[in-house]
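Predicted coordinates and the sequence they were generated for:
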Amino acid sequence: MFSIIGILVVFAAVIGGFLMEKGNLAVLIQPAELVTIGGAALGTMLAANPMHVLKGILNGLTGVLGGPKFPKKRYLDTLKMMFDLFTKARKEGLVSIESDVEEADKSEIFKKYPVFLKDHHARDFVCDTMRMAITGGVGTFDVDRMMELDMEVQQHCAEAPTSALTTVADALPGLGIVAAVLGIVITMGSLGGPPEAIGHKVAAALVGTFLGILLCYGLLGPLASAMTKRVGDEHAYYHILRVVMLSFIKGLSPILAVEMARRAIPGHVRPSFTETENVCRGKSPDGSAAAS
């Protein structure tokens, strides 16, 4: 939401300033320049990236224009979910959660958290790790190493679309110059004509440079930056999953494992100790009523 507001502010400020100086807004409407710059940018993106990266760019842009993926409630739900899973394992033995991790979609614990189940990367990260713990014979160091490798792969895959979009954004000023040069070529071919026509063609050529710079620094650049921050948020979420599972596998009680993970949550979305304790006890975060 804030990304949309920010982009609207950028365009409103640029166009508003132009109009305040008595500029003619119609001069900025140059479909040919947009086709040249937009088509060239799209072509470079298609030429430089495989299909899975292109899909990642679309998914990333959709996510940026929506709400935050990991708000405080997501973390609280995750801590509660892991607390329930570990409590069952502590009371009934690790083998008791084998069916939960093998068939997460049918698990009575995981079914309470549909957002987690839809995030198949996070779901597989938890289930695959706990499957190793149930199997036995794998040391905590090796389990931690496996989680670290998994997180590195996930982060690398998540960063590829943002890197691709940043590359396209960096190319836009150059593509704007290409459009401007083409406009100048057309203008040179019209020398000797009416001054008004030549002036219009020069203005159209300059609009190409203007659009390239504006789309770079006012649109795609900020969107790529926002996607990068979402990748960081996702990595932080995986980190707390890693902490909570490793803590339990090392022998900590469920509530201590959850507290270890809570301390690893970024400060702006970290729930308090009381909120986490209330949620684990089946209450609302403020403890005023039972959780639904």
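Cool, the structure landed.

The residue nearest to the spatial centre of the chain: what secondary structure?
In the chain, the residue lying closest to the centroid (CA atoms, centre = their mean) is residue 230, at 3.3 Å. Classification of residue 230 using DSSP: H, G, I helix; E, B strand; the rest coil returns helix.

Quick check: pLDDT value at it.
Here the pLDDT value assigned to residue 230 is 92.

My guess is it contacts residue 60. True?
Yes - using CB atoms under 8 Å, residue 230 is in contact with residue 60, at 7.0 Å. Placement of C-beta: from N, CA and C, glycine included.

Number of residues surrounding residue 56?
21 (other CB atoms under 10 Å).

ok, the residue nearest to the centre of the chain - contacts?
Residue 230 makes contact with 60, 63-64, 69, according to CB atoms under 8 Å, 6 or more residues apart in numbering.

That one and residue 255, how far apart?
Using CB to CB, to the nearest Å, we find residue 230 at a distance of 30 Å from residue 255.

Give me the buried entries from the contacts of residue 230.
Buried members of those, scored by 16 or more other CB atoms under 10 Å, are 60, 63-64.

And the helices in the stretch 1-150 of the chain?
In the stretch 1-150 of the chain, helices defined by DSSP state H, counting those that start in this stretch lie at 2-20, 25-28, 31-48, 51-65, 72-92, 98-102, 114-118, 120-135, 140-188, listed in chain order.

Now render these as a markdown table, adding mean pLDDT.
Below are these laid out as a markdown table (pLDDT from 0 to 100):
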| stretch | mean pLDDT |
| --- | --- |
| helix 2-20 | 89 |
| helix 25-28 | 83 |
| helix 31-48 | 91 |
| helix 51-65 | 90 |
| helix 72-92 | 94 |
| helix 98-102 | 92 |
| helix 114-118 | 93 |
| helix 120-135 | 92 |
| helix 140-188 | 91 |
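
Can you name the residues that contact residue 247?
Counting by CB under 8 Å, 6+ apart, residue 247 has contacts 256-257, 260-261.

Check which helix or strand it maps to.
Residue 247 is part of helix 221-249 when elements are defined by DSSP states H and E.

Looking at the contacts of residue 247, spot the one nearest residue 131.
When the contacts of residue 247 are ranked by distance to residue 131 (CB to CB), residue 257 comes first, at 17.6 Å.

Looks like the closest one contacts residue 86 (just checking).
Yes - the criterion here is CB under 8 Å, and residue 257 meets it with residue 86 at 6.1 Å.

what do the two both touch?
residue 248.

and the gap between the nearest residue to residue 82 once chain neighbours are set aside and residue 93?
Nearest residue to residue 82, sequence neighbours excluded (CB to CB, 6 or more residues apart in numbering): residue 244, at 5.0 Å. Using CB to CB, residue 244 is found at 19 Å from residue 93.

and if you look at residue 118?
Between residue 118 and residue 93 the computed distance is 29 Å (CB to CB).

same check, this time on residue 125
Separation of residue 125 from residue 93 (CB to CB) stands at 23 Å.

Do you know the pLDDT at the closest residue to residue 169 other than its chain neighbours?
In space, and not counting its chain neighbours, residue 169 is closest to residue 220: 3.7 Å by CB to CB, 6+ apart. Residue 220 carries a pLDDT value of 92.

in stretch 128-135, what's buried?
129-130, 132-134.

chain center to that stretch: distance?
28 Å (CA atoms, centre = their mean, to the nearest Å).

now swap in stretch 152-172 and tell me
Mean C-alpha position of stretch 152-172 versus that of the full chain (CA atoms, centre = their mean) differs by 11 Å.

Send me that stretch as PDB with only the CA atoms.
Output in PDB follows, covering the C-alpha atoms of stretch 152-172 (Å, rounded to 0.1, in the frame of the first residue of the first chain):
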ATOM      1  CA  GLU A 152      20.900 -19.800   1.400                       C
ATOM      2  CA  VAL A 153      19.200 -21.400  -1.600                       C
ATOM      3  CA  GLN A 154      15.900 -19.800  -0.800                       C
ATOM      4  CA  GLN A 155      17.500 -16.300  -0.500                       C
ATOM      5  CA  HIS A 156      19.400 -16.800  -3.700                       C
ATOM      6  CA  CYS A 157      16.200 -17.700  -5.600                       C
ATOM      7  CA  ALA A 158      14.300 -14.700  -4.000                       C
ATOM      8  CA  GLU A 159      17.100 -12.200  -4.800                       C
ATOM      9  CA  ALA A 160      17.200 -13.200  -8.500                       C
ATOM     10  CA  PRO A 161      14.000 -11.300  -9.500                       C
ATOM     11  CA  THR A 162      15.000  -8.200  -7.600                       C
ATOM     12  CA  SER A 163      18.400  -8.200  -9.200                       C
ATOM     13  CA  ALA A 164      16.800  -8.500 -12.600                       C
ATOM     14  CA  LEU A 165      14.400  -5.700 -12.000                       C
ATOM     15  CA  THR A 166      17.200  -3.500 -10.700                       C
ATOM     16  CA  THR A 167      19.100  -4.200 -13.900                       C
ATOM     17  CA  VAL A 168      16.200  -3.100 -16.100                       C
ATOM     18  CA  ALA A 169      15.700   0.000 -13.900                       C
ATOM     19  CA  ASP A 170      19.400   1.000 -14.400                       C
ATOM     20  CA  ALA A 171      19.000   0.500 -18.100                       C
ATOM     21  CA  LEU A 172      16.000   2.900 -18.500                       C
END
